[in-house]
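Undergrad: From the sequence below, what's the structure:
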Amino acid sequence: MSITWIMVANASHAKLFSNKGPNQGLELIKELEHPESREKAAELVSDRIGNYAGSGSYAQPTNPKEHEAERFALEIAHELEQGRVSNAYEKLVVVTSAHFMGLLNGRISQQVKGKISESINKDYTHLPIKELTGQLANHVFL
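TA: From the prediction side, this is the model:
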(Lines give C-alpha, C1' and ligand atoms only; values in the text may rest on other atoms or scores of the structure.)
Protein backbone atom coordinates (compact mmCIF):
# COMPACT_ATOMS: atom_id res chain seq x y z
CA MET A 1 0.00 0.00 0.00
CA SER A 2 1.38 3.39 -1.04
CA ILE A 3 1.04 6.12 1.59
CA THR A 4 0.99 9.76 0.56
CA TRP A 5 1.50 12.53 3.07
CA ILE A 6 -0.20 15.86 2.42
CA MET A 7 1.31 18.86 4.23
CA VAL A 8 -1.00 21.87 4.25
CA ALA A 9 0.76 24.85 5.78
CA ASN A 10 1.22 28.57 6.11
CA ALA A 11 3.68 30.60 8.21
CA SER A 12 1.88 29.87 11.48
CA HIS A 13 -0.13 26.67 11.12
CA ALA A 14 0.40 23.29 9.47
CA LYS A 15 -1.69 20.15 9.13
CA LEU A 16 -0.18 16.84 8.12
CA PHE A 17 -2.53 14.32 6.53
CA SER A 18 -2.09 10.76 5.34
CA ASN A 19 -3.77 9.10 2.38
CA LYS A 20 -3.47 5.34 2.04
CA GLY A 21 -4.75 5.07 -1.49
CA PRO A 22 -7.69 5.81 -3.80
CA ASN A 23 -11.02 6.28 -2.05
CA GLN A 24 -9.35 6.25 1.38
CA GLY A 25 -9.76 9.98 2.08
CA LEU A 26 -7.55 12.04 4.36
CA GLU A 27 -6.51 11.15 7.89
CA LEU A 28 -5.16 13.96 10.08
CA ILE A 29 -1.83 12.82 11.53
CA LYS A 30 -0.55 15.95 13.21
CA GLU A 31 -1.08 19.68 13.58
CA LEU A 32 1.76 22.10 14.15
CA GLU A 33 1.29 25.64 15.47
CA HIS A 34 3.72 28.53 15.46
CA PRO A 35 1.86 31.44 17.10
CA GLU A 36 4.96 33.64 17.01
CA SER A 37 4.41 34.06 13.27
CA ARG A 38 1.09 35.75 14.02
CA GLU A 39 2.56 38.21 16.52
CA LYS A 40 2.96 41.85 15.62
CA ALA A 41 6.52 42.66 14.60
CA ALA A 42 6.84 45.09 17.52
CA GLU A 43 6.11 42.26 19.97
CA LEU A 44 8.87 40.07 18.52
CA VAL A 45 11.80 42.46 18.91
CA SER A 46 13.57 44.26 21.72
CA ASP A 47 13.95 48.03 21.86
CA ARG A 48 17.64 48.04 20.93
CA ILE A 49 19.71 46.72 18.07
CA GLY A 50 22.41 44.39 19.34
CA ASN A 51 26.01 44.21 18.28
CA TYR A 52 28.19 41.25 17.47
CA ALA A 53 30.29 40.30 20.51
CA GLY A 54 31.37 43.83 21.29
CA SER A 55 32.81 44.34 17.83
CA GLY A 56 31.17 47.71 17.50
CA SER A 57 29.34 46.60 14.35
CA TYR A 58 25.63 46.48 14.67
CA ALA A 59 23.36 43.74 13.38
CA GLN A 60 21.46 44.36 10.20
CA PRO A 61 17.78 44.78 10.94
CA THR A 62 15.81 41.68 10.01
CA ASN A 63 12.11 41.28 9.59
CA PRO A 64 11.02 39.47 12.78
CA LYS A 65 7.92 37.94 11.15
CA GLU A 66 10.08 36.54 8.35
CA HIS A 67 12.49 35.12 10.93
CA GLU A 68 9.62 33.34 12.70
CA ALA A 69 8.30 31.98 9.38
CA GLU A 70 11.79 30.62 8.66
CA ARG A 71 11.88 28.94 12.08
CA PHE A 72 8.50 27.31 11.42
CA ALA A 73 9.63 26.15 7.96
CA LEU A 74 12.60 24.47 9.65
CA GLU A 75 10.26 22.75 12.13
CA ILE A 76 8.09 21.44 9.28
CA ALA A 77 11.18 20.31 7.34
CA HIS A 78 12.30 18.36 10.42
CA GLU A 79 8.88 16.67 10.65
CA LEU A 80 8.99 15.68 6.98
CA GLU A 81 12.54 14.34 7.37
CA GLN A 82 11.53 12.22 10.36
CA GLY A 83 8.69 10.75 8.32
CA ARG A 84 11.03 10.01 5.43
CA VAL A 85 13.62 8.32 7.65
CA SER A 86 10.95 6.13 9.28
CA ASN A 87 9.44 5.26 5.85
CA ALA A 88 6.09 6.66 6.94
CA TYR A 89 5.29 7.85 3.39
CA GLU A 90 6.26 7.16 -0.21
CA LYS A 91 4.95 10.38 -1.77
CA LEU A 92 4.52 13.90 -0.47
CA VAL A 93 2.12 16.64 -1.55
CA VAL A 94 2.95 20.12 -0.26
CA VAL A 95 0.18 22.73 -0.19
CA THR A 96 1.25 26.22 0.87
CA SER A 97 1.54 29.79 -0.35
CA ALA A 98 4.30 30.50 -2.86
CA HIS A 99 6.33 32.56 -0.38
CA PHE A 100 6.20 29.93 2.37
CA MET A 101 6.92 27.23 -0.22
CA GLY A 102 10.17 29.05 -0.97
CA LEU A 103 11.10 29.10 2.72
CA LEU A 104 10.26 25.43 3.08
CA ASN A 105 12.17 24.41 -0.08
CA GLY A 106 15.27 26.04 1.34
CA ARG A 107 15.11 23.82 4.42
CA ILE A 108 14.00 20.37 3.29
CA SER A 109 16.55 17.76 2.31
CA GLN A 110 17.10 16.54 -1.24
CA GLN A 111 15.70 13.15 -0.20
CA VAL A 112 12.42 14.75 0.93
CA LYS A 113 12.31 16.87 -2.24
CA GLY A 114 12.60 13.64 -4.21
CA LYS A 115 9.39 12.38 -2.62
CA ILE A 116 7.35 15.47 -3.57
CA SER A 117 4.84 14.43 -6.21
CA GLU A 118 2.88 17.69 -6.24
CA SER A 119 3.32 21.29 -5.01
CA ILE A 120 0.21 23.43 -4.80
CA ASN A 121 0.61 27.16 -4.18
CA LYS A 122 -2.50 27.77 -2.07
CA ASP A 123 -3.20 28.38 1.60
CA TYR A 124 -5.85 25.78 2.50
CA THR A 125 -5.06 25.63 6.23
CA HIS A 126 -8.44 27.16 7.09
CA LEU A 127 -10.51 24.60 5.13
CA PRO A 128 -12.43 21.81 6.84
CA ILE A 129 -11.29 18.34 5.77
CA LYS A 130 -14.28 17.79 3.44
CA GLU A 131 -13.59 21.00 1.49
CA LEU A 132 -9.86 20.29 1.47
CA THR A 133 -10.54 16.87 -0.04
CA GLY A 134 -12.58 18.56 -2.79
CA GLN A 135 -9.82 21.08 -3.52
CA LEU A 136 -7.18 18.35 -3.72
CA ALA A 137 -9.24 15.90 -5.79
CA ASN A 138 -7.71 17.14 -9.07
CA HIS A 139 -4.19 16.57 -7.70
CA VAL A 140 -4.40 13.46 -5.51
CA PHE A 141 -6.57 10.34 -5.75
CA LEU A 142 -8.23 10.54 -2.36
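Undergrad: ok, and what's touching stretch 96-108?
TA: Applying CB atoms under 8 Å, 6 or more residues apart in numbering, the contact partners of stretch 96-108 are 7-11, 69-70, 73-74, 76-77, 80-81, 94, 113, 119-123. For every residue, glycine as well, the C-beta is placed using N, CA and C.
Undergrad: now those: which count as buried?
TA: Taking 16 or more other CB atoms under 10 Å as the criterion, what is buried in those is 7-11, 69-70, 73, 76-77, 80, 94, 119-120, 123.
Undergrad: In strands only, show me those residues.
TA: Among these, DSSP state E puts 7-9, 94, 119-120 in strands.
Undergrad: In JSON lines: those residues, plus distance to residue 19 and pLDDT.
TA: Formatted as JSON lines, these follow (distance: CB to CB, whole Å; pLDDT from 0 to 100):
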{"residue": "7", "distance to residue 19": "12", "pLDDT": "97"}
{"residue": "8", "distance to residue 19": "12", "pLDDT": "98"}
{"residue": "9", "distance to residue 19": "16", "pLDDT": "97"}
{"residue": "94", "distance to residue 19": "14", "pLDDT": "97"}
{"residue": "119", "distance to residue 19": "16", "pLDDT": "95"}
{"residue": "120", "distance to residue 19": "14", "pLDDT": "96"}
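Undergrad: What is the nearest of those residues to residue 88?
TA: Using CB to CB, residue 7 comes nearest to residue 88 of those, at 12.3 Å.
Undergrad: Show the contacting residues for that closest one.
TA: 14-17, 76, 80, 92-96.
Undergrad: Tell me the bridge partners for it.
TA: Beta-bridge partners of residue 7, counted by DSSP bridges, are residue 16, residue 94.
Undergrad: Could you tell me how far it is located from residue 31?
TA: Per CB to CB, to the nearest Å, residue 7 is found 11 Å from residue 31.
Undergrad: residues shared between the contacts of those two?
TA: Common neighbours of residue 7 and residue 31, using CB under 8 Å, 6+ apart, are 14-16.
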